[in-house]
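1. kindly return the folded structure for what I paste below:
(2 chains)
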Amino acid sequence: MQWETVIGLEIHAQLATRSKIFSSSATAYGATPNSQANLVDLGYPGVLPVLNSAAVRMAIKFGLAVGAQVAERSVFARKNYFYPDLPKGYQISQYELPIVARGAVEVLLEDGTRKHIGITRAHLEEDAGKSMHEGIAGSSGIDLNRAGTPLLEIVSEPDMRSAREAVAYMKKIHTLVRYLEICDGNMQEGSFRCDANVSVRPRGAEKFGTRAEIKNINSFRYVEKAINYEVARQIDVIESGGKVLQETRLYDPDKGETRSMRSKEEANDYRYFPDPDLLPVVLDQETIAAVRRSLPELPDAKAARFVDAFGLSEYDAGVLTAGREIAAFYEDVVQRVGGDPKLCSNWVMGDLSAQLNANNLEIGASRVDAAALAGLIARLRDNTISGKIAKEVFEAMWAQGSSADAIIEARGLRQITDSGAIETAIRDVMAKNPGQLANYRSGKDKLFGFFVGQVMKATAGKANPAQLNELLKKMLAG
Amino acid sequence: MLHTLTIAQMAAGLRQRRFSSVELTQAMLARLSASQPRLNTMITLTAAQALAAARAADADLAAGKAGALCGIPMVHKDIFCTEGVLTSCASKMLSNFVSPYDATVVARLKAAGMVMLGKANMDEFAMGSSNETSYYGPVRNPWDASMVPGGSSGGSAAVVAARLAPAATATDTGGSIRQPAALCGITGLKPTYGRVSRYGMIAFASSLDQAGTLTVTAEDSALMLRAMAGFDPRDSTSVDSPVPDYAATLGDSLAGVTIGVVREFFDAGLDATCGQAVRDALKVYEKLGARLKDVSCPNLPLSVPTYYVVAPAECSSNLARFDGVRFGHRCENPRDLMDLYKRSRGEGFGAEVKRRIMTGTYVLSAGYYDAYYLKAQKVRQLIAQDFARAFGEVDALVGPTSPTAAFALGAKTSDPITMYLNDIYTIGANLAGIPGLSVPCGFAGGLPLGLQIMGPHFSEARLLNLAHRYQQETDWHARVPSAWVN
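-> Okay, here's the model as predicted:
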């Protein structure tokens, strides 16, 4: 039997507001437990929520960016369940009337095809606190710093057919929320995480299979692994005559497997109803239009422009627009160099990205800034240095923080373009290697490389490679 | 006889230096203490704080920087959070809860210079119509100690009726201000939903709860409401509209005012004496120049079942925070989390509260939501439309506050439906969010009766005007239970 995988994602993006969604407490990560929990966050008797309008603006931004409908009227609802890290005994969320509905994004797959992924809805809600089961003998601790942090829950259609597609979609949303500056995207800190709804069905079947929901996955790698594990598990269950149960599962990254958390029967009846403490969110068209005017150039538009204006491949344009910062950096380099956008993209995506990755740095913290990189590329383009030397210069720039010109001068790396000087070096090498010369002239063409190497060695790599090739061929021929 | 003075009279006396706020406060504290064994009106007395506040008020009065309410003693219903003072909501659940903050109502009245004497008894979590569900025991009616004072603001109402303090705050979710006002023979005002901040008022049913006043006269209510009302940025449902000077329009003429007489209020359940008292009151209004008009609110009889879906639904969620984890009652030696929840809540809540939590949980459950909660919300809209239509024809609606005068303690505790029907005339105003007021309009068998006046949203000035003009013509409100005259 051929199986088809069906995946839908629920992404939780923590909105980058300074204060919580319904209280004035700070949202900063990593504070002392419960130092950012006021009476509202603690659910004290008599306290009331007041909606943070910044969170609403962020949700509107997202809705507009995915071409969705931004609701003129949306309603907060209470999701009722008991848990110690949920102080009120209910989570304030949106249920029947979310602020964003019916959007979509396009993702570029590795084979170069594009895929449309529908976004069912995105709604505002508050995060819960954290239960801490370690380090406190005989009891559990509760940290409510995170309680009330604003989340945008982005629910996709079941449009993805493989773990890779799911990852591509998740990355797309990740890029988008950072472009919009509504989420810092920090996955280690849990600012961006997802639940994956996974099912399988015989290829060609209309009906969806029974799905399992894998909760709280907080890295792209784990999403791929968890889905692949779950797909294999479900196929295995069915093929060995069993039935997939509708249940909530947890991914264990250490063991690389998913585990059952609770079945459908054990699931809470959340008893949603409109929260009487909060008025419906009513947005007029002017407010929505004002948010639309404030939107930055979005990644898809930017990538298309990079393809058009700079002649980049779709893939390169995608990489260079994956973040607002890297795109701005790249454009800055191109502008300073004044041309050759392909060469610029090679450097940004190549040596620069490699150094950033190796040092675990964001582009904003790069030790070689756009002006410095442009200075290096300019020396390449005017033949002051060769591509090989350029790599050496770049390493030195990264290490010392100096300009390309300063390093080229200090190390005497200026390329030899004087034909006379190159000819002298060639003559010298030929004189020192009469045997190889004879062999070459008797037909051993492969020895050409030997002579190139010897001349480069003699000129400390500074001979202009194109000139060297041309002159060497002529002189070896005699 | 300081204790028989109204707020307005006390304010005048304070300004004329006939007595000080400390003297008033001492007199009232003494009456509260002395009455406690017989009436059980209070959960907490805050004598030391009250005297300190009174001294500060006297200083302000002497310095000439005192407002109309400065130095006037009062009590808060124990549903309002009071910083540093036990705020129990008359529940075992919160019998150890000292609030770390003041409710907006408390803060505003404090800023106005009022002197809090303590916290009044009430039905547990404001759930009850007789003040018999309190963890601290029932409150007794000052007119007859074998009778209930009404509820849920029974302590607040009995305090004012027995002249233990001239004023009390109260809350009204389905009649909890107006019904005890009627049963205790005083003036009770439930303002428009959103007129007074709910911040710091322990929630029962958030879409219905509203804070208001219990006083001897409409004039006193006007003075107090002005200080309590107004937009509060901490309550999203409080309304940002100016607060009028309610006292300024109390004496306005009623000539040309149209009063609607709601047909549905004169039903089979209405006690005959009570109905006659209301009709007599209508004659007074005619004499004052008002025009009477019969109106119908056909959906009003559905208000009790509608209320007993909506209010429990909200309460089941509002009371979820009482889980024994952060504050309030916690059971001894819980075995695990579920045991902690079950026993803390099982031990902390009384029977009526549990009944409502269960009802509310049921009506919100999957498969029942549409049939109960959603349908109740639709009926609620119909009731609101009935009122809106009526207010297209009349300026105010009048009827009885409660079907009967006060009933005996224990008479209805075994039959919740009979108990719930006590609020049949008052619940409509909560469902529609409109203001309602009860003024004394007569007696039946020595027990007071209440006349209810309702108006469109934000018509408090008109209601107070109607009540005040009636009180100028009658003395029902000025009568004091004989046991408490001295």
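
2. at which residues are the strands of chain B located?
-> Along chain B, counting by DSSP state E, strands occupy B:42-45, B:73-77, B:115-120, B:167-172, B:187-190, B:210-215, B:258-262, B:291-295, B:396-400, B:436-444, B:447-454.

3. kindly reformat those strands as JSON lines containing distance to chain A and mean neighbour count.
-> In short, each C-beta sits where N, CA and C put it, glycine included. Shown next, in JSON lines, are the strands of chain B (distance: least, C-beta to the nearest C-beta, whole Å; neighbours: other C-beta atoms under 10 Å in any protein chain shown):
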{"stretch": "strand B:42-45", "distance to chain A": "15", "mean neighbour count": "21"}
{"stretch": "strand B:73-77", "distance to chain A": "12", "mean neighbour count": "30"}
{"stretch": "strand B:115-120", "distance to chain A": "14", "mean neighbour count": "29"}
{"stretch": "strand B:167-172", "distance to chain A": "11", "mean neighbour count": "30"}
{"stretch": "strand B:187-190", "distance to chain A": "17", "mean neighbour count": "33"}
{"stretch": "strand B:210-215", "distance to chain A": "11", "mean neighbour count": "30"}
{"stretch": "strand B:258-262", "distance to chain A": "26", "mean neighbour count": "20"}
{"stretch": "strand B:291-295", "distance to chain A": "29", "mean neighbour count": "15"}
{"stretch": "strand B:396-400", "distance to chain A": "25", "mean neighbour count": "26"}
{"stretch": "strand B:436-444", "distance to chain A": "19", "mean neighbour count": "26"}
{"stretch": "strand B:447-454", "distance to chain A": "21", "mean neighbour count": "28"}
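
4. residue B:51 is nearest to which of the ones you listed?
-> Nearest to residue B:51 among those is strand B:115-120 (8.4 Å), distances taken as C-beta to C-beta.

5. partners of the closest one in the sheet?
-> strand B:42-45 (antiparallel), strand B:73-77 (parallel) (DSSP bridges).

6. re earlier: export the strands of chain B to a markdown table and tack on mean pLDDT and distance to residue A:438?
-> Formatted as a markdown table, these follow (pLDDT from 0 to 100; distance: least, C-beta to C-beta, whole Å):
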| stretch | mean pLDDT | distance to residue A:438 |
| --- | --- | --- |
| strand B:42-45 | 98 | 114 |
| strand B:73-77 | 98 | 112 |
| strand B:115-120 | 98 | 113 |
| strand B:167-172 | 98 | 110 |
| strand B:187-190 | 98 | 114 |
| strand B:210-215 | 98 | 109 |
| strand B:258-262 | 97 | 123 |
| strand B:291-295 | 98 | 123 |
| strand B:396-400 | 97 | 121 |
| strand B:436-444 | 98 | 117 |
| strand B:447-454 | 98 | 119 |
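
7. compare the ones you listed and give me the one nearest residue A:97.
-> The nearest among these, by C-beta to C-beta, is strand B:210-215 at 25.8 Å.

8. neighbouring strands - and their directions - for that closest one?
-> strand B:167-172 (antiparallel), strand B:187-190 (antiparallel).

9. hmm, who's touching it?
-> With C-beta atoms under 8 Å, 6 or more residues apart in numbering or on different chains as the contact definition, strand B:210-215 has outside contacts at B:6-7, B:80, B:105, B:153, B:156-157, B:159-160, B:166-173, B:177, B:180-181, B:186-193, B:195-198, B:201, B:220-221, B:224-225, B:228, B:430.

10. before we move on, what about stretch A:132-147?
-> A:31, A:33-37, A:41-42, A:84-87, A:126-131, B:325.

11. of these, grab the buried ones for ChimeraX.
-> In ChimeraX, a selection of the buried entries from those looks like this (16 or more other C-beta atoms under 10 Å in any protein chain shown):
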select /A:36,37,41,42,84,85,86,87,126,127,128,129 /B:325
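
12. so which of the contacts of stretch A:132-147 are in strands?
-> Per DSSP E, the contacts of stretch A:132-147 map to strands at A:126, A:130, A:131.

13. just the pLDDT at the closest residue to chain B within chain A, thanks.
-> Per C-beta to the nearest C-beta, the residue of chain A with the smallest distance to chain B is residue A:89, at 2.4 Å. With respect to pLDDT, residue A:89 scores 97.
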